[in-house]
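> okay, sequence plus prediction incoming.
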Amino acid sequence: MIFFATNKLNKQVNIMKKTITLSVVGAFLGFGQHLNAQLIVENDSTYNTASQMLLANELFQSGEPFAESLGYNLDLLDPTVLNSPDSASYTYGIENYEYSRYLLNTLTGRSGMGLHMMWSPIIMMNAAMQPASFDGMFTGGKVNGYKEDDMLMMMIGSFGMNANQTPPMNAFPQFADFIEGNTTLPQNVAAGFQTDFSSTRWDRTKMDKTLNLGAMGQSMWKQYYWAADMLGAFHD
């Protein structure tokens, strides 16, 4: 009696195993079909700040830091020679790094998709401590009743001098990023766009000017990574 009962139980367990296996396989197949059915590739000009800055952070982390953790000597890189000294270190140390920098530079310096740094707390606080004669001192004698623009220009000039580089003209530095915008430019790009950012501004009428913690947080992480890297030993 025990033998037949045990045999019957084993058959039931085997049936259950087959049922469970088929159910799991069916679930995965159904899940795969569901994913394929839901995958929609869109080609539009919408720029979601949180997503793009997350991408910039991932690109950065898979660039120089990843190359260094794999043991590559990035002192051997030559940015003017493709795949020098080899394709892997060049891709990690140059290409990923530069794509990451491009995303941040576009958002915080060219796009205009955020609150201008001229009205940031640090600029306004420093401007308030300046005498009335400060108005126009760093804006070519343009007296307009505001000292914030002069303070911003003074700080940009000081930064450029310390970095030994000429600051770009008509940049749009910002301290808080909007949640979303559109990358379509409302004007033609001028020939000197590398040093004059005025023709690279996005259409501000197409921006969602909501301040979003996800957007600002990812942007802040990217700025932190960039500052830590530029002030690190690799860039001595």
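In hand now; what should we look at? Note that the coordinates shown come from a computational prediction; the quantities given were computed from them, not determined experimentally.

> what's the neighbour count on residue 167?
16 (other C-beta atoms under 10 Å). Just so you know, the C-beta spots here come from the backbone N, C-alpha and C atoms, and that holds for glycine as well.

> could you count how many residues lie near residue 145?
The number of residues near residue 145, taken as other C-beta under 10 Å, comes to 7.

> for this protein, what spans make up the strands?
46-48, 114-116, 174-182, 208-211 (DSSP state E).

> against which helices or strands is the third one packed?
Put plainly, it is strand 174-182. Counting contacts by 3 or more C-beta pairs under 8 Å, 6 or more residues apart in numbering; DSSP states H and E, strand 174-182 is packed against strand 46-48, helix 49-61, strand 114-116, strand 208-211, helix 213-230.

> per-residue confidence for the residue most central in space within the chain?
Compute the mean C-alpha point of the chain, and by C-alpha atoms, centre = their mean the closest residue is residue 53, 2.8 Å away. Residue 53 carries a pLDDT score of 94 in this model.

> oh, and call the first residue 24 from now on, that's how I've got it
Will do, 24 is the new start, and the previous item becomes residue 76.

> quick check: closest non-adjacent residue to it.
Residue nearest to residue 76 in three dimensions, not counting chain neighbours: residue 241, with 3.4 Å by C-beta to C-beta, 6 or more residues apart in numbering.

> run through the residues that contact that neighbour.
72, 73, 76, 77, 79, 80 (C-beta atoms under 8 Å, 6 or more residues apart in numbering).

> and with 6 Å instead?
73, 76, 77 (C-beta atoms under 6 Å, 6 or more residues apart in numbering).

> repeat that for residue 204.
70, 136, 225, 230.

> go on, residue 125?
So residue 125 contacts nothing (C-beta under 6 Å, 6+ apart).

> looking at it now. What's its pLDDT?
Per-residue confidence (pLDDT) for residue 125: 88.

> same question, residue 63
On the pLDDT scale, residue 63 gets 76.

> could you pull out the helices in this structure for me?
Remark: helices assigned in the chain by DSSP state H are 25-61, 72-84, 87-92, 110-113, 120-128, 144-151, 171-186, 236-253.

> what's the neighbour count on residue 147?
There are 14 residues near residue 147, going by other C-beta under 10 Å.
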